[in-house]
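Student: Return a 3D structure for these sequence lines:
(4 chains)
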2 protein chains.
Amino acid sequence: MAVTIKDVAKAANVAPSTVSRVIADSPRISEETKRKVRKVMEELGYHPNMIARSLANQSSKAIGIIFPNSGNTAFQNPFFSEVLRGISEGVSEKHYILQFTTGRTEEEILQDVKKMVFGRLVDGMILLYSKLGDSVMKFLKEQNFPFVLVGKPFEDSEVITHVDNDNISAAKEGTEYLIRLGHRKIGFIGGDIGFMVTRNRLEGYRRALAEAGIPVNEKYLIHEEFLLEGGKEAVKELMLLDDPPTALLVIDDIMALGVLKTLSELGKKVPEDISVVSFNNVLFAELAQPPLTSVDINIFTLGIEAVKHLIQKIENPKEPVKRIIIPHRLIVRKSCQAVVR
Amino acid sequence: MAVTIKDVAKAANVAPSTVSRVIADSPRISEETKRKVRKVMEELGYHPNMIARSLANQSSKAIGIIFPNSGNTAFQNPFFSEVLRGISEGVSEKHYILQFTTGRTEEEILQDVKKMVFGRLVDGMILLYSKLGDSVMKFLKEQNFPFVLVGKPFEDSEVITHVDNDNISAAKEGTEYLIRLGHRKIGFIGGDIGFMVTRNRLEGYRRALAEAGIPVNEKYLIHEEFLLEGGKEAVKELMLLDDPPTALLVIDDIMALGVLKTLSELGKKVPEDISVVSFNNVLFAELAQPPLTSVDINIFTLGIEAVKHLIQKIENPKEPVKRIIIPHRLIVRKSCQAVVR
DNA sequence: TTGTAAGCGTTATCAC
DNA sequence: GTGATAACGCTTACAA
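Tutor: Predicted coordinates for the structure are as follows:
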């Protein structure tokens, strides 16, 4: 068995409580005893048992991360790797520890979350998606457990600290860019309409069209749950329309890659035959052929801010609810071109 | 404060130990008491405190995952997302929990690992890389702490349970495929030579050439640490050689994407002007333009097997050391073509 | 079949 | 300044 605080105490001829105080660097302990105890800790190779500490402190100094159903798409999408990088960065600085849900269905994830919350395994959670009627968020709210949402809540947004982009503007700007290039027939390829991000971006798209006096053609609207294969059929249908779009707003770089592929199979050239704007600006946007014009949403920062405000909330329960909006920026590359008349 | 085992005991008129036994579904408790206690647990909304349980059991039922310096490349590469999916799957089944290192330098990571090990935060670890002189693995070995390595150890491989691909054969086969297409001038673009995977694949490449009687041209060998940008200059130099290669073996799909991009900037067409074979077969290999011929190494399975054997080792310390080799398979797509004479 | 009590390794509240 | 001692919530001999 490993060396405990008691072993140190014995060897240093002090009480366990003294050792504990030395560890906490309590000002009420003399420098001399501190030195002595530290020396013994060193010699014996003492390391604190975090589990015992958690139990005594009623705090685990750990944060739980909730992914959308990891089985399918989630881990595939670099968005999550990138928020994770941000989160990791923040967490590391604050000396917290990271814990993950591993469930694949919403039900399994809920079980994971309950285990973490009730099991006192984490002090707070970061929810990486906002989905209509999500039972996980409902649970967190009911329990009044500290959490921050990455995304925009469907309701109670005055009560839920969240960090998000202004996705409506982001999509509006992307669409406006296309309109400025002379496009009037613009398709929208979105994901599951159950996710807030899909809705917001769709809304931005609609507003841009409205302001430009372009009626929305419902045939131009596609919602696919699956990142890649799924979009295929839909895109084909879209392009087979009598009056196919000359530009596409695609909700996500990865989906855009799928679209690019389908387009190339159909013999359509980007940007010559059709322009594409997507979102997120993950690494692969730049690597695509052609490089994608994409709205950068600062994913890394999303992660950093999420932990920052979560930790504030954990350490001060009276912390007011906050809404953090991370700026976005259209990165123009080579996937768009002015419409030829 | 939440409801504890004692509250349940009191409400059910039994001893705390009885409640504990009911939770563990001990056969020594009568069905009747079990029913009664369970009912009370339900009513009171009892949930076990995992921290307390860990302390009493001296086991956290948690597994730690060690990433290579996450700051840079690691999270960017879908390899890690994909192993994680596998690990996640395995872990979820066994009702273990996942914990992460968040450090960015080897030193920070080592600190994270020490905290997990000494702090009793995890029962075992999965090391996701094999690097020459790595202090993290050294530590794990010294402590005789249960871990499994994803990759091939540099030394002591009889002592370290590891799950790996036969990367030498994988690379040999990839190279042979190119040779069969008539290529004799084949470049090798690898990553950090400090990683075992780089060395093994280079070795496979060398063997294939040797068997085909093709001398190795050292000018054709490139080692770049950075996934994307890094390769750029090197690839340019390579292609500017008097006698440039007609085919490239690239260590990783993501790096291959960078290579594809650079090639296209140089006006070189793939596969017409130059053939490319890469490794890992992540999602993006298929999505690339042209779709990449890549050696599938079953990343997901790598993850699944890693947790499986780790858990065996955790639950039975006498479990023998194992070496698990996951099969690979060349997936032919459109990035290669026979050499024109 | 169930209860009692000690113990897991800390921290925190009192005393002195 | 430092030392006893009681938590924290659970498991597990050992008794009964």
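Student: Could you pull out the helices in the stretch 151-300 of chain A for me?
Tutor: For the stretch 151-300 of chain A, the helices defined by DSSP state H, counting those that start in this stretch occupy A:167-180, A:196-211, A:229-239, A:253-265, A:283-287, A:299-315.
Student: Go through those helices and find the least confident stretch.
Tutor: In terms of average pLDDT, helix A:229-239 trails the rest of those, at a mean of 79.
Student: Now do that one against helix A:253-265, angle only.
Tutor: Helix A:229-239 and helix A:253-265 are oriented at 50 degrees to each other (axes from the mean of the first three to the mean of the last three C-alpha atoms, to 10 degrees).
Student: What helices and strands are in contact with helix A:229-239?
Tutor: strand A:186-190, strand A:221-223, helix A:253-265 (3 or more C-beta pairs under 8 Å, 6 or more residues apart in numbering or on different chains; DSSP states H and E). For the C-beta atoms, the positions are set from N, CA and C on the backbone; glycine is no exception.
Student: hang on, the earlier thing: compare the helices of the stretch 151-300 of chain A and give me the one nearest DNA strand D.
Tutor: Proximity to DNA strand D (C-beta to the nearest atom of the strand) singles out helix A:299-315 among the helices of the stretch 151-300 of chain A, at 17.6 Å.
Student: Tell me, how many residues neighbour residue A:338?
Tutor: Residues lying near residue A:338 (other C-beta atoms under 10 Å in any protein chain shown) number 12.
Student: swap in residue A:251?
Tutor: 27.
Student: and chain A, which residues reach DNA strand C?
Tutor: Contact residues, chain A versus DNA strand C (C-beta under 7 Å from any atom of the strand): A:1-2, A:4-6, A:16-17, A:20, A:23-24, A:46-49, A:52-53, A:55-57.
Student: make it 10 Å
Tutor: Residues of chain A lying close to DNA strand C (C-beta under 10 Å from any atom of the strand) are A:1-9, A:15-24, A:26, A:28, A:41, A:46-59.
Student: Now list the buried members of those residues.
Tutor: For the residues of chain A next to DNA strand C, a neighbour count by 16 or more other C-beta atoms under 10 Å in any protein chain shown gives the buried set as A:3-5, A:7-9, A:18-23, A:41, A:46-55.
Student: Keep the residues you listed, but drop any that are not near DNA strand D.
Tutor: When contact is defined as C-beta under 10 Å from any atom of the strand, these meet DNA strand D at A:5, A:9, A:18-22, A:51-55.
Student: Make TSV out of those residues and add secondary structure.
Tutor: As requested, those are arranged in TSV below (DSSP: H, G, I helix; E, B strand; the rest coil):
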residue	secondary structure
A:5	helix
A:9	helix
A:18	helix
A:19	helix
A:20	helix
A:21	helix
A:22	helix
A:51	helix
A:52	helix
A:53	helix
A:54	helix
A:55	helix
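Student: circling back: tell me which of the helices of the stretch 151-300 of chain A lies nearest to residue A:100.
Tutor: Closest approach to residue A:100 among the helices of the stretch 151-300 of chain A (C-beta to C-beta): helix A:299-315, 14.1 Å.
Student: Would you mind pulling up the elements that the closest one packs against?
Tutor: Applying 3+ C-beta pairs under 8 Å, 6+ apart, we find helix A:299-315 packed against strand A:62-66, helix A:78-93, strand A:124-127, strand A:147-150, strand A:162-165, strand A:323-326.
Student: which residues are in contact with it?
Tutor: The contact list for helix A:299-315 (C-beta atoms under 8 Å, 6 or more residues apart in numbering or on different chains) reads A:63, A:79, A:82-91, A:94, A:96, A:123-126, A:146-148, A:150, A:161, A:163-165, A:280, A:282, A:319, A:322, A:324, A:326.
Student: Just the buried subset of those, please.
Tutor: A:63, A:79, A:82-91, A:96, A:123-126, A:146-148, A:150, A:161, A:163-165, A:280, A:282, A:324, A:326.
Student: who's in contact with the helix or strand bottoming out on mean pLDDT in chain A?
Tutor: The least trusted helix or strand in chain A, going by mean pLDDT, DSSP states H and E, turns out to be helix A:229-239, with a mean of 79. Contact partners of helix A:229-239, identified using C-beta under 8 Å, 6+ apart, comprise A:187, A:189, A:219-220, A:222, A:224, A:244-245, A:255, A:258-259, A:262-263, A:266, A:268, A:274.
Student: Nearest to residue B:198 among the residues you listed?
Tutor: After measuring the contacts of helix A:229-239 against residue B:198 - C-beta to C-beta - the closest member comes out as residue A:258, at 30.7 Å.
Student: Was I right to think the closest one contacts residue B:283?
Tutor: No. Assessed by C-beta atoms under 8 Å, residue A:258 is found out of contact with residue B:283, at 9.7 Å.
Student: Of the contacts of helix A:229-239, which is the nearest to residue B:171?
Tutor: Checking the contacts of helix A:229-239 against residue B:171 by C-beta to C-beta gives residue A:258 as the nearest, at 29.4 Å.
Student: what about that closest one, how many neighbours?
Tutor: Here the count is done by other C-beta under 10 Å, and residue A:258 has 24 residues near it.
Student: Where does the stretch 201-341 of chain A get nearest to DNA strand C, residue-wise?
Tutor: Counting by C-beta to the nearest atom of the strand, the stretch 201-341 of chain A gets nearest DNA strand C through residue A:315, at 13.5 Å.
Student: Give me the neighbour count for residue A:31.
Tutor: Neighbours of residue A:31 using other C-beta under 10 Å come to 7.
Student: ditto for residue A:30
Tutor: Using other C-beta under 10 Å, residue A:30 is surrounded by 9 other residues.
Student: show me where pLDDT drops low in chain A?
Tutor: Low-confidence segments of chain A (pLDDT under 70): A:1, A:70-74, A:226-231, A:341.
Student: wait, isn't residue A:283 in contact with residue A:78?
Tutor: Yes. Between residue A:283 and residue A:78 there is a contact at 6.2 Å, judged by C-beta under 8 Å.
Student: How about the residue nearest the centre of chain A, nearest residue that isn't a chain neighbour?
Tutor: In chain A, the residue lying closest to the centroid (C-alpha atoms, centre = their mean) is residue A:128, at 4.3 Å. Closest residue to residue A:128 apart from its sequence neighbours, by C-beta to C-beta, 6 or more residues apart in numbering or on different chains: residue A:150 at 5.2 Å.
Student: coming back round to it: so what sits against both of residue A:283 and residue A:78?
Tutor: residue B:76.
Student: more crowded one of those two?
Tutor: residue A:78 (26 against 20).
Student: how about the more buried one, what does it touch?
Tutor: Applying C-beta under 8 Å, 6+ apart to residue A:78 gives the contacts A:253-254, A:280, A:282-284, B:76, B:78, B:81.
Student: mind redoing it with 7 Å?
Tutor: Counting by C-beta atoms under 7 Å, 6 or more residues apart in numbering or on different chains, residue A:78 touches A:282-284.
Student: Could you restrict these to the ones contacting chain B?
Tutor: When contact is defined as C-beta under 7 Å from any C-beta of the partner chain, the contacts of residue A:78 meet chain B at A:283-284.
Student: can you list the contacts of residue A:78 in CSV and add distance to residue A:104?
Tutor: CSV is the format used below for those (distance: C-beta to C-beta, whole Å):
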residue, distance to residue A:104
A:282, 23
A:283, 26
A:284, 24
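Student: between the contacts of residue A:78, which is closest to residue B:117?
Tutor: With C-beta to C-beta as the yardstick, the closest approach to residue B:117 among those comes from residue A:283, at 33.0 Å.
Student: right, and residue A:81 touches residue B:79 too?
Tutor: No. Residue A:81 is beyond contact range of residue B:79, at 10.7 Å (criterion: C-beta atoms under 7 Å).
Student: Could I get the phi/psi values of the nearest residue to residue A:209 once chain neighbours are set aside?
Tutor: Residue nearest to residue A:209 in three dimensions, not counting chain neighbours: residue A:216, with 5.4 Å by C-beta to C-beta, 6+ apart. Backbone torsions for residue A:216, taken as degrees, to the nearest 10, come to phi -80, psi 130.
Student: Now for residue A:216, how many residues are close by?
Tutor: Residues lying near residue A:216 (other C-beta under 10 Å) number 14.
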